[in-house]
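Colleague: Quick one: sequence plus predicted model below, questions after.
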Amino acid sequence: MMELLRAWLARVRNGDMGALPAILGLVVLAILFTALSPYFLTERNFANLLTQAATLVMLAMALVFVILLGEIDLSAGVTSGVAMCLFVVLTAPGGAAMGWVPALALALLAGAAIGACIGFFVARVGIPSFVVTLGLFLGFQGLELILIGSGGVYRITAAPILAIMNSNLPNWGGWAMLGVMLAVSAGTALADRRRHARAGLAEQPRVLLWMKLGVILVLGGTVVLLLNQDRGTGTVPVSGVPVVVPITLAILWAGTFVLDRTRFGRYIYAIGGNAEAARRAGIKVVMIRWCAFIVCSTLAVISGLFSAGRVGSVDAAFGRDIVLSGVAAAVVGGVSLFGGRGRLLHAAIGALVVAVITNGLGLLNLPGGVNYLVTGGVLILAATVDAVSRTRGGGAASRS
């Protein structure tokens, strides 16, 4: 156990801090806003915060797949916008009046197709991802206008889509969710131990497994207990974990599994670390890059689905402003813009930091411009930490 602690401290001293700065920032912000506003640490605001953050968390996780490659996708926000415009047009009573399930399937396919298009130009043709996605960012704004019409607003009519962001699990559902999280975490850790044993590799101490499960139990139990309190303002009680929370956690676990435990994920890290070395090792760099952009755009559509379900409508400007916040969230969480380092969980924590800043400043009734100033400052600070850590570790940031 002490050897693992010393190894972790050595990585931190060498600049590999992961999400540690974001976690510390999250704690500091929570303490600060709790002291400044009596409404911040309440059941109602906590539920609102998780719901508000879900869209950004999902988009940040989507962007991780391309940022790990050292690429960028500036069109992820408008990709979700185009997909949601297609969804509402297909489900509108006066239009195709298609069921929400096939319409959602087509929206996800549209996102995958857009990702394939980006991947073709970046991986196959060799155009920088910044240029390709910036062009699509501009062009898709026009496509949204064509689909929706200037000044047009389409309301979401599918009740299940609205329920994702506006409904809660029953109180017992939150505890069931926590039980599933514990079971999945324990099963995954035990499977890793068996795999390491078969391969003759060193196993992590069991005490570390119990510590991880204990953290999940304590933090998760506190969250569920808090959200199960009545936070309604009228005669109808409102309680329970928001429905979007377990959906987001399931996608987080699936994406983490792909990146940490599949060949595709290992190849993404290898290419992000050194693309030429990965190519010489026999990795199909073009195909991996192609697939990463497909995954990114598809997950971006889910982010758009969350956003549309929360506001209950889609307009011609949908998704234009969120992509930079998604990049900021990933970087704040410790995902390196130089590629090869970071995890989905780090991006989710970074998104929570950005969401807490927005939520806390809103409770203090400060002007919206202050939010942009603070978020921009936090992003620059996080990017500086990333660059300095790369320099200390002899990585890409040391290049002149």
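Modeller: Yep, that arrived. Numbering: from 1, shown residues only.
Colleague: drop to CA atoms for contacts and neighbour counts, all remaining ones
Modeller: Noted.
Colleague: so where do the strands sit in the protein?
Modeller: 153-155, 313-315 (DSSP state E).
Colleague: what's the most buried one of the ones you listed?
Modeller: Each of these was scored by mean neighbour count; the highest is strand 313-315, a mean of 23, by mean count of other Cα atoms under 10 Å.
Colleague: Give me the pLDDT value at Leu363.
Modeller: Model confidence at Leu363, given as pLDDT, is 87.
Colleague: Counting neighbours, what do you get for it?
Modeller: Neighbour count of Leu363, defined by other Cα atoms under 10 Å: 16.
Colleague: which residues touch it?
Modeller: Applying Cα atoms under 8 Å, 6 or more residues apart in numbering, we find Leu363 in contact with Ser37, Tyr39, Phe40.
Colleague: change it to 7 Å
Modeller: By Cα atoms under 7 Å, 6 or more residues apart in numbering, the contact list for Leu363 reads Ser37.
Colleague: So it versus Trp290, what's the distance?
Modeller: The gap separating Leu363 from Trp290 is 42 Å, by Cα to Cα, to the nearest Å.
Colleague: What of Gly126?
Modeller: In this view, Gly126 and Trp290 are 11 Å apart by Cα to Cα.
Colleague: now swap in Leu49 and tell me
Modeller: Leu49 is 34 Å from Trp290, by Cα to Cα.
Colleague: just to revisit the earlier point, just so I know, which of the strands of the chain lies nearest Val207?
Modeller: strand 313-315 (48.8 Å; Cα to Cα).
Colleague: can you list contacts of stretch 72-86?
Modeller: 63, 66, 107, 110-111, 129-130, 133-134, 136-137, 140-141, 144, 147-148, 297, 300-301, 303-305, 314, 318-320, 322-323.
Colleague: try 6 Å
Modeller: If you take Cα atoms under 6 Å, 6 or more residues apart in numbering as the criterion, stretch 72-86 is touched by 66, 107, 129, 133-134, 136-137, 144, 297, 300-301, 304, 318-320, 322-323.
Colleague: Dump the C-alpha coordinates for stretch 87-94 into CSV.
Modeller: Below are the C-alpha coordinates for stretch 87-94, written out as CSV (Å, rounded to 0.1, in the frame of the first residue of the first chain):
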residue,chain,number,x,y,z
PHE,A,87,-35.3,14.9,-34.6
VAL,A,88,-37.9,17.6,-33.9
VAL,A,89,-38.8,18.0,-37.6
LEU,A,90,-39.4,14.2,-37.9
THR,A,91,-41.5,14.1,-34.8
ALA,A,92,-43.5,17.3,-35.4
PRO,A,93,-47.2,16.7,-35.7
GLY,A,94,-47.5,18.7,-38.8
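Colleague: about what we covered before: please identify which of Gly126 and Trp290 sits among more neighbours.
Modeller: Trp290 (21 against 12).
Colleague: ok, now which ones touch that one?
Modeller: If you count contacts by Cα under 6 Å, 6+ apart, Trp290 has them with Gly119.
Colleague: now the nearest residue to Asn359 once chain neighbours are set aside: how far from Ala355?
Modeller: Residue nearest to Asn359 in three dimensions, not counting chain neighbours: Leu49, with 6.8 Å by Cα to Cα, 6 or more residues apart in numbering. In this view, Leu49 and Ala355 are 7 Å apart by Cα to Cα.
Colleague: of the two, who's got more company?
Modeller: Higher neighbour count among Leu49 and Ala355: Ala355, with 25 against 18, using other Cα under 10 Å.
Colleague: Contacts only, for that one.
Modeller: Listed by Cα under 6 Å, 6+ apart, the contact partners of Ala355 are Ala53.
Colleague: For Val122, see how far away it is.
Modeller: From Ala355 to Val122 the distance is 31 Å (Cα to Cα).
Colleague: what does Val66 give?
Modeller: Going from Val66 to Val122 by Cα to Cα gives 11 Å.
Colleague: Name the residue in those two with the higher neighbour count.
Modeller: Val66 (26 against 22).
Colleague: Where does the prediction get shaky in the stretch 151-300 of the chain?
Modeller: Filtered on pLDDT under 70, the stretch 151-300 of the chain yields the residue ranges 151, 201-204.
Colleague: Swap in 90 and give it another go.
Modeller: Within the stretch 151-300 of the chain, the ranges that satisfy pLDDT under 90 run 151-159, 186-213, 230-239, 261, 273.
Colleague: got it, and the stretch 301-400 of the chain?
Modeller: 311, 313-325, 327-328, 331-342, 357-358, 360-400.
Colleague: One more pass at 80, please.
Modeller: For the stretch 301-400 of the chain, the stretches with pLDDT under 80 are 367-369, 371-372, 375, 378-379, 381-400.
Colleague: Show me where it has its helices.
Modeller: Along the stretch 301-400 of the chain, counting by DSSP state H, counting those that start in this stretch, helices occupy 323-332, 344-363, 368-392.
Colleague: can you give me how far the last one is from the chain middle?
Modeller: I take that to be helix 368-392. For helix 368-392, the separation from the chain centroid amounts to 18 Å (computed by Cα atoms, centre = their mean, to the nearest Å).
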